[in-house]
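Peer 1: My questions concern the predicted model and sequence given below.
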Amino acid sequence: MLIVPRADRVGGLMGDESEHNLTSDGATPAAAPARPSQARELARELTGDLPCSRCGYNLRGLSIRSGCSECGLPVRTTILVLVDPRADELVPLSSPRLTAWGMIAWIGGALGCAAAVLALRMGDLLDAQFSVGLPMSDIAWAGLAMLGLSAVGSCVIVRPHASIPISRRVLTTIGVLLYVPLLALFHRIHLVVDMQDPMPYVNPGSLAGDRVVCRLAFAAVAVLLVLALRPGARHLAARSFIFRTGLIDRQSMYGIVAAFAVTLAGDGLRLAHVSGPRLSEYVSLGGITLIALGSFLLAVGIFAAFTDVLRLRRVLIYEGIGLAQILETNASRARRAGSDA
Ligand SMILES: [Zn+2]
């Protein structure tokens, strides 16, 4: 039996995209075979359980050309969103729920960590402008814990099912291990340096150079980590028909790498300012601007990746629904009718 929860956001966005991809005669070019001779062989009604991708109503028994009895979403839209022609070829996940929640912890932890860092810098502004003191140490520890959660979650990417090539498992393991230096650098920046020299951007203290070097190392390690985990994560995303066929392909991982590159450039300028000959204050200001821009892009990239893994959760837990599970061909129906008679 197949139970799929209500498709709140998924139904909306994917439904819209899917409908744009339907041809004028109502055929579903991607989910159903496009050739008319094959399309005619498809039964007119759904013979297996298929939950409406918008409201979850079971569409079993409805014509593939009709709409959902509850919300009116065309049945063919749900087929395009949920039915995967290659579902039967996918290697079963060893633990679908663990994999799905691991992916969410992986990106959700990164998102929480980014939110904590944002809160720390907002805390500086509140302190400088309004003398409002946030519990900076607690926030930094929360950020470290979220980064740890991200590390634990990333472990599911190493071997989600049997027959993952050894080369990719090695690469993914390297990516997971890179969390060790990443956690150490986060601790050094936010719980050692910043506790000693608060407000790093408002009034840099004696450890300013140390902090910039740690930030450069953090961004470099984070870029390597994302690049090492990306193939494994993309492999899991490829279990989703919609991701695999490029209906949704936001390349949020490369966006995250690009955002880190912008912050790297900003920290580079700050390093030149801190350690080099007395450069203009504008160099430092330019560096801070690039860091702020990079941090913003980073937050957007991680948030986009987070919405992707939330979508992927359903695909990972409930697996793809194969065409054979919801439709019988005229040939097989004739055979069944023959055996019934
Ligand atoms: Zn519906």
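Peer 2: Arrived safely, thanks for sending.

Peer 1: contacts and neighbour counts: CA atoms only from here.
Peer 2: Will do.

Peer 1: how's this structure carved up into domains?
Peer 2: Following automatic domain parsing, one finds the domains of the chain at 8-89+321-340, 96-317.

Peer 1: In CSV: the ones you listed, plus distance to the ion.
Peer 2: Converted to CSV, the domains of the chain look like this (distance: least, CA to the ion, whole Å):
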stretch, distance to the ion
domain 8-89+321-340, 4
domain 96-317, 17
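
Peer 1: mind putting the ones you listed in JSON lines, mean pLDDT included?
Peer 2: As requested, the domains of the chain are exported to JSON lines (pLDDT from 0 to 100):
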{"stretch": "domain 8-89+321-340", "mean pLDDT": "64"}
{"stretch": "domain 96-317", "mean pLDDT": "89"}
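
Peer 1: can you put these in CSV and add mean neighbour count?
Peer 2: Below are the domains of the chain laid out as CSV (neighbours: other CA atoms under 10 Å):
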stretch, mean neighbour count
domain 8-89+321-340, 17
domain 96-317, 19
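
Peer 1: gap between A258 and V315?
Peer 2: Distance of A258 to V315, given as CA to CA, to the nearest Å: 28 Å.

Peer 1: Now do the strand or helix carrying V117: distance to the chain's middle.
Peer 2: Per DSSP states H and E, V117 falls inside helix 96-130. In terms of CA atoms, centre = their mean, to the nearest Å, the centre of helix 96-130 is found 15 Å from the chain centre.

Peer 1: helices or strands next to it in the packing?
Peer 2: Counting contacts by 3 or more CA pairs under 8 Å, 6 or more residues apart in numbering; DSSP states H and E, helix 96-130 packs against helix 136-154, helix 281-318.

Peer 1: Please save the CA atoms from the first one in PDB.
Peer 2: So that's helix 136-154. Output in PDB follows, covering the C-alpha atoms of helix 136-154 (Å, rounded to 0.1, in the frame of the first residue of the first chain):
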ATOM      1  CA  MET A 136      26.400  35.600  22.000                       C
ATOM      2  CA  SER A 137      28.200  32.500  23.500                       C
ATOM      3  CA  ASP A 138      24.900  30.500  23.500                       C
ATOM      4  CA  ILE A 139      24.200  31.500  19.900                       C
ATOM      5  CA  ALA A 140      27.700  30.500  18.800                       C
ATOM      6  CA  TRP A 141      27.400  27.100  20.600                       C
ATOM      7  CA  ALA A 142      24.000  26.600  18.900                       C
ATOM      8  CA  GLY A 143      25.600  27.300  15.500                       C
ATOM      9  CA  LEU A 144      28.300  24.800  16.300                       C
ATOM     10  CA  ALA A 145      25.700  22.200  17.300                       C
ATOM     11  CA  MET A 146      23.800  22.800  14.000                       C
ATOM     12  CA  LEU A 147      27.000  22.300  12.100                       C
ATOM     13  CA  GLY A 148      27.500  19.100  14.000                       C
ATOM     14  CA  LEU A 149      24.000  18.000  13.000                       C
ATOM     15  CA  SER A 150      24.800  18.800   9.400                       C
ATOM     16  CA  ALA A 151      27.900  16.500   9.700                       C
ATOM     17  CA  VAL A 152      25.900  13.700  11.200                       C
ATOM     18  CA  GLY A 153      23.200  14.000   8.500                       C
ATOM     19  CA  SER A 154      25.800  14.000   5.700                       C
END
